[in-house]
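Colleague: here is the input, now give the coordinates:
(one chain, ligands or ions: 1)
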Amino acid sequence: MALQFIDSIDDSKIKDKKVLVRFDFNVPLDKETKEITDTTRIDNALETIKLILDKGASKLIMMSHLGRPKGQVNSDFSLEPVATYLADKLGEEVTLTESCLDRGIKTLLTLNSNKIILLENLRFHKEETENDREFARKLSEYADIYVNDAFGAAHRKHASTYEINAFFKNKAYAGLLMKKEIEALSKITQRPETPFVAVVGGAKVSDKIKIIERLLSSVSNLIIGGAMAYPFLKAKGNEVGTSLCSDEDVSLAKKIFSQSTAHKIILPIDHIVSSEFGGKPEAVDKVGIPDGKMGLDIGEQTIAKYSSILREAKTILWNGPMGIFENEEYAKGTFAIAEVLSESNAYTLVGGGDSVSAVNKSGLANKMSHVSTGGGASLEFIEKGSLPGISALKFGVE
Ligand code: AMP
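Modeller: You can find the predicted model right below:
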């Protein structure tokens, strides 16, 4: 069965119905004040919320996780700030339940008032991450139809994203954020316009090994930067000084080099280094990094080389920074990539937490074709072509 999107189904399927929606309201909170420090994830949900309300749902029941309370009730992870923010944004009352399994919820659902309900943090119950069927069944009893708009959580097989589909056969839909993400990521996974160039950076090869292998079969070039580059440089016999570079990652890099697609890999040719993490920056004008120095950003010649490859591309995927961009002195490589992408006519997709914060920091996010909201989810989608939370909407679960 094809995936059904909430905006393309008949209005009668929503009108006067109770609609249960899984969102990703996992927003960062200030430790002291509990204020939301970045509301992007809630803002991204507003379109789906408004659509459901406009189509005349009798109840909108929202659910999400926040942080990692590990199956325990912990007020530090309450969704209360989210309820307050949503009420303000929608100009309507939002009722936060005491628990997602609160006995009062069934009564709330019979009242004409309390139209918008937010269930308290799903992860206060260990059954959520255990993908427990009974827990999913209890949640499913609140509503007539189910919508999943939590793209950022769709790579997880949890009760509210996966198992719950067992109770909504032919009544499970993808929300508008989910739709946007699937459409954007499919441009990368299904016949991308060529040259297709991927830029992969960040810190850990082992986390991204699968996506690198997958991408190497479809890209014209795979540009590597950040700490990801050193295991690859070392695997080719270069010195990397004290740069972040584990033996395990060097082995993984060697494995990639043994494959026939390895010629597509492009590595840094110079570096910005320091004697200590975040210390005084020095330029190293060659591929090898001297003893006692650690690479912390790509160098000028590398920026020029990477930029010229990217200028020829028609499709660009970017995941992971080129250096420790959180420190201004080592942010040049990362911001240079953001700049080239922003000037490009190519289809540009930025995925993954740190490259997203880099494009936000550079003020260039709105110049990208798509900035994905899910770090792990976008990588896994590219690797596998779908996600458990999306497949379950389509096919249900056994
Ligand atoms: P990831 O989560 O794998 O995308 O890694 C992102 C992190 O990698 C950021 O916090 C960067 O500061 C860090 N990073 C990037 N380049 C380097 C480097 N050369 N050495 C150490 N850490 C780095």
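Colleague: residue 191: neighbouring residues, count only.
Modeller: Residues near residue 191, counting by other CB atoms under 10 Å, number 11. For glycine as for every other residue, the C-beta is placed from the backbone atoms N, C-alpha and C.
Colleague: also residue 31?
Modeller: 8.
Colleague: that one: which element?
Modeller: Using DSSP states H and E, residue 31 sits within no helix or strand.
Colleague: again with the one 10 residues further on
Modeller: Assigned by DSSP H and E, residue 41 falls within helix 40-43.
Colleague: what residues sit buried inside that helix?
Modeller: Residues 41-42 are the ones in helix 40-43 that count as buried (16 or more other CB atoms under 10 Å).
Colleague: dump that helix to PDB, restricted to CA.
Modeller: This file holds the C-alpha atoms of helix 40-43, laid out as PDB (Å, rounded to 0.1, in the frame of the first residue of the first chain):
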ATOM      1  CA  THR A  40      12.400  24.900  15.700                       C
ATOM      2  CA  ARG A  41      11.000  21.400  16.300                       C
ATOM      3  CA  ILE A  42       7.700  22.800  17.600                       C
ATOM      4  CA  ASP A  43       7.500  25.400  14.900                       C
END
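Colleague: what packs against it?
Modeller: Other elements packing on helix 40-43 under the criterion 3 or more CB pairs under 8 Å, 6 or more residues apart in numbering; DSSP states H and E are helix 80-90.
Colleague: other SSEs contacting the helix it packs on?
Modeller: Checked by 3+ CB pairs under 8 Å, 6+ apart, helix 80-90 has helix 40-43, helix 46-54, strand 94-96, strand 116-118 packed alongside it.
Colleague: residue in the stretch 151-300 of the chain nearest to the ligand?
Modeller: residue 202 (2.4 Å; CB to the nearest ligand atom).
Colleague: how many other residues sit next to that residue?
Modeller: Count around residue 202 with other CB under 10 Å applied: 20.
Colleague: isn't there a helix covering it?
Modeller: No - going by DSSP: H, G, I helix; E, B strand; the rest coil, the assignment for residue 202 is coil, not a helix.
Colleague: ok, it touching residue 319?
Modeller: Yes - shown here, residue 202 and residue 319 form a contact pair, counting by CB atoms under 8 Å, at 7.2 Å.
Colleague: shared neighbours of these two, anything?
Modeller: Shared contacts of residue 202 and residue 319, defined by CB atoms under 8 Å, 6 or more residues apart in numbering, comprise 208, 352, 355.
Colleague: now, of those residues, which are buried?
Modeller: 208, 352, 355.
Colleague: which ones are touching the closest residue to the first one other than its chain neighbours?
Modeller: Beyond its immediate neighbours in the sequence, the residue positioned closest to residue 208 (CB to CB, 6 or more residues apart in numbering) is residue 200, lying 6.0 Å away. Applying CB under 8 Å, 6+ apart to residue 200 gives the contacts 208, 211-212, 215, 222-225, 228, 319-320.
Colleague: rewinding a little: near the ligand, list only the ones from the shared contacts of residue 202 and residue 319.
Modeller: residue 352 (CB under 6 Å from any ligand atom).
Colleague: from the shared contacts of residue 202 and residue 319, pick the one nearest residue 75.
Modeller: residue 352 (31.0 Å; CB to CB).
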